[in-house]
Each structure stands twice: as structure tokens, then as C-alpha cells.
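Participant: the following comprises the amino acid sequence and a computationally predicted model.
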Amino acid sequence: MDILTVIEKYYTKHKSQSLDDSANLDKQYSPSQWATRLTPETIVGNHVETMVSATKNARSSINCETGVKYSDLGPNCLLDIYKPEEVTKGTPVFVYIHGGYWQECSRDVSGHAAESVTKMGAIYVGIGYDLCPSVSMSEIVAQVQAAFQFIRHKFPYTVGIHIMGHSAGAHLATMVLAQHSHDFPSLLPVTIYAVSGIFDLRPIVETSVNNALKLTIDDAEAMSPMDPTNFKKIYANSRQSTRFIICIAENDSPAFHDQSLRFYEMLNATGVRCDFIEFENTDHFNIVEKSTDPNYLMNDVIKNQLSSLSSN
Ligand SMILES: Nc1ccccc1C(=O)C[C@H](N)C(=O)O
């Protein structure tokens with residue numbers, strides 16, 4: 001199948017599955033309403049506390065440089081670098097991009113997986129970016145792209161770049177590849193771990209999430225990884241040595257499941273290397289919180305991917 005036919009097939013409007021009225025659409029895009037561990041009123045606060053405290057622990061126990069400026073594009077263009085015990089020129093680099101609907105959270109929630117990942121021998125980077133409405137979503141995308149230019153120049157001999165994004169961060173991780181030149185040499189292995197992500201932004205326009213984003217439908221299309229213009233660039237940049245690992249929580253909403261599945265199918269149908277993993281007994285929030293547990297499945301996935309790249 002040619003790529004435009006594939007894009008048309010999977011970038012359909014989010015009709016069906018009773019997403020029709022705006023109250024329901026709002027619920028579909030409120031991850032806190034679908035978790036069963038805690039109430040919708042408490043789960044987001046608990047999530048932020050858990051992530052902040054894990055990040056504090058990481059900063060105090062791991063050799064790290066925090067608040068490193070990566071760009072002049074905005075005051076939060078800062079990142080934290082956590083180092084494993086042994087660093088060589090080729091050490092793999094693992095980058096985490098936080099979620100929060102492009103309007104919440106910061107690099108202070110982005111070090112939760114640093115301990116697990118540095119123990120696997122990779123350098124761990126948690127990046128910050130400015131938030132809506134003080135900047136637009138396209139400015140955030142440009143900031144995150146600038147972070148990767150910086151990382152690329154800081155670690156020119158790395159054997160592989162691993163990019164994990166959670167929720168809105170999964171969207172941003174994917175958009176790193178939606179550029180004509182994404183600054184990585186075409187043969188450098190890149191792994192994108194897109195965790196509970198959003199790849200078609202059109203439904204968001206009709207929800208309260210958009211109060212701070214202020215996206216028009218045209219903006220939403222221009223910022224969607226599944227939009228033909230972006231997808232063609234992602235595809236072109238991914239053919240040689242990129243692998244997508246699409247992760248979803250069992251207790252994510254049907255709309256989030258649909259987002260991940262459609263994007264996975266689109267990648268798969270065009271021949272981009274990708275996997276789809278549903279994490280049992282997790283929700284939108286603890287799917288990343290659990291990274292502090294060395295026995296968590298996500299850590300095995302990362303470990304396997306790191307070792308498959310280093311043995312090539
Ligand atoms: N994805 C996130 C990541 C971090 C912090 C919040 C979110 C949310 O999505 C909050 C949303 N307003 C909710 O009520 O579920």
C-alpha cells in the first residue's frame with residue numbers, strides 16, 4: 001500500500017465509539033477519570049508528588065548536572081543530565097519528556113527513571129520546556145527539537161538515542177522526528193518509547209484541555225504526528241534505524257487506546273519498526289511512576305532494547 005493510502009486509512013476522524021458529545025469527549029481525555037487506584041480528585045496530585053519525590057531522590061543519589069541550558073528559546077529550556085558509573089564516548093543516551101497536556105509539570109518530575117536507567121549503563125536526561133498558554137504548542141515542539149540538537153552535539157559518539165515521552169511528552173517525542181533534518185545521522189539508532197500518547201490532536205480541540213492550548217483545528221492538524229505532512233517526515237526519518245515502542249496502560253481510556261493503536265497500525269502498515277505493549281494493572285499515571293521499581297516490565301523493555309543495540 002502506498003503511504004498516502006495508509007495515512008488516509010488511519011488518520012480518519014475520531015467518529016464511532018460514542019465519542020460524539022463533548023461531555024463524553026472531555027471524559028475520554030481526562031486520564032484521572034479512568035484510573036481505579038485513587039479518585040479523580042486525588043490522583044493527579046499524588047502523581048506529581050510521587051514523580052517529584054523520585055526526581056529529588058535521583059538528584060541526590062546520582063552524579064548529575066541539573067539546569068543545563070539547551071536553548072535561548074525560553075526560560076525553561078533547561079535539562080538535567082544523570083550519569084551512570086561508567087561513561088565512555090559511545091554510552092547510550094536516554095531522554096525523558098514529561099507529560100501534563102503541554103500545560104503542567106516540569107523537569108522536576110522528569111528524573112523518576114534516572115536511577116533504573118543509569119544502572120543499565122545509559123546516560124539519562126530529563127528535559128524541561130515552557131508551557132501553554134505562556135507559549136504555543138508549536139513553540140514547545142521547537143523547544144524540544146532544540147533540546148535534541150543540543151543533546152546530539154553534547155554526545156556526538158553515542159551508540160543510540162532513546163526517547164521516552166509520557167502522554168503529551170509522547171506526542172513531543174514523536175514530533176522530534178517530524179522535521180526535514182532531525183539532526184541525527186540517518187544510521188544512528190533511535191528508539192521512541194511513546195507511553196500513553198496522543199498522536200491525533202483533532203479531538204482535543206473540542207475538550208477543556210484546549211482552554212490553555214487554544215488550538216484551532218488547523219493548528220491541531222499541523223501539530224499531529226498522524227497528519228500526512230508530519231507523518232511523511234516521521235516515516236522518512238524512521239526507515240533506516242528507528243524503532244517505536246508504543247506503550248499503553250490497561251486503565252487508559254478507550255480514546256487513548258484508540259490513539260496508540262491507530263498510530264501503531266499506521267507505522268506498521270508503512271513498514272516502520274514498531275511494537276505495541278499494553279501494561280496490565282496500570283493506569284495513565286503509574287505506567288511511568290512504576291519505573292522506580294527495578295522489576296517493572298518497562299525496565300525490562302528498556303534493558304532489552306539497550307542490549308540489542310549494543311550487540312549490533
Ligand atoms: N497526563 C498528565 C500527566 C501529568 C499530570 C497530569 C496529567 C493529566 O492528564 C491531567 C488531566 N487533566 C486529568 O485530570 O486526568
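Facilitator: Happy to help now that I have it.
Participant: residue 58 sits in which helix or strand?
Facilitator: Element membership of residue 58, judged by DSSP states H and E, is helix 40-61.
Participant: and that helix, average pLDDT?
Facilitator: On average, the pLDDT along helix 40-61 is 98.
Participant: same check, this time on stretch 115-130
Facilitator: Here stretch 115-130 scores 98 as its mean pLDDT.
Participant: starting at the chain centroid, how far to the helix or strand following the helix holding residue 58?
Facilitator: Going down the chain from helix 40-61, the next helix or strand is strand 64-69, by DSSP H and E. Mean-position distance between strand 64-69 and its chain equals 20 Å (C-alpha atoms, centre = their mean, to the nearest Å).
Participant: and the stretch of helix or strand residue 25 belongs to, what does it pack onto?
Facilitator: Residue 25 belongs to helix 22-28 when elements are defined using DSSP H and E. For helix 22-28, the helices and strands in contact under the criterion 3 or more C-beta pairs under 8 Å, 6 or more residues apart in numbering; DSSP states H and E are helix 254-269. Yep, even glycine has a C-beta here, placed from its N, CA and C like the rest.
Participant: for the helix it packs on, which positions count as buried?
Facilitator: Buried residues in helix 254-269, counted by 16 or more other C-beta atoms under 10 Å: 255-260, 262-268.
Participant: quick check, nearest of those residues to the ligand?
Facilitator: Within the set of these, residue 256 lies nearest the ligand; the separation is 9.6 Å, counting by C-beta to the nearest ligand atom.
Participant: the closest one touches residue 199, doesn't it?
Facilitator: No: the pair residue 256 / residue 199 is not scored as a contact, 10.4 Å apart, by C-beta atoms under 8 Å.
Participant: helices of the stretch 101-250 of the chain, residue ranges please.
Facilitator: Secondary structure of the stretch 101-250 of the chain by DSSP state H, counting those that start in this stretch: the helices cover 114-119, 137-154, 168-175, 210-213, 217-222, 228-238.
Participant: closest point of the stretch 201-312 of the chain to the ligand, which residue?
Facilitator: Residue nearest to the ligand within the stretch 201-312 of the chain (C-beta to the nearest ligand atom): residue 284, separated by 6.0 Å.
Participant: give the contact list for that residue.
Facilitator: 31-32, 34-35, 167, 196, 249, 251-252, 256 (C-beta atoms under 8 Å, 6 or more residues apart in numbering).
Participant: so which of the residues you listed are in strands?
Facilitator: Residues of the contacts of residue 284 located in strands (DSSP state E): residue 249.
Participant: among the contacts of residue 284, which one has the most neighbours?
Facilitator: Counting by other C-beta atoms under 10 Å, residue 196 has the largest number of neighbours within these, with 29 neighbours.
Participant: now that residue: how far from the ligand?
Facilitator: Relative to the ligand, residue 196 is positioned 7 Å away (criterion: C-beta to the nearest ligand atom, to the nearest Å).
Participant: likewise for residue 175?
Facilitator: 17 Å.
Participant: what number of residues lie near that residue?
Facilitator: 26.
Participant: good, wrapping up.
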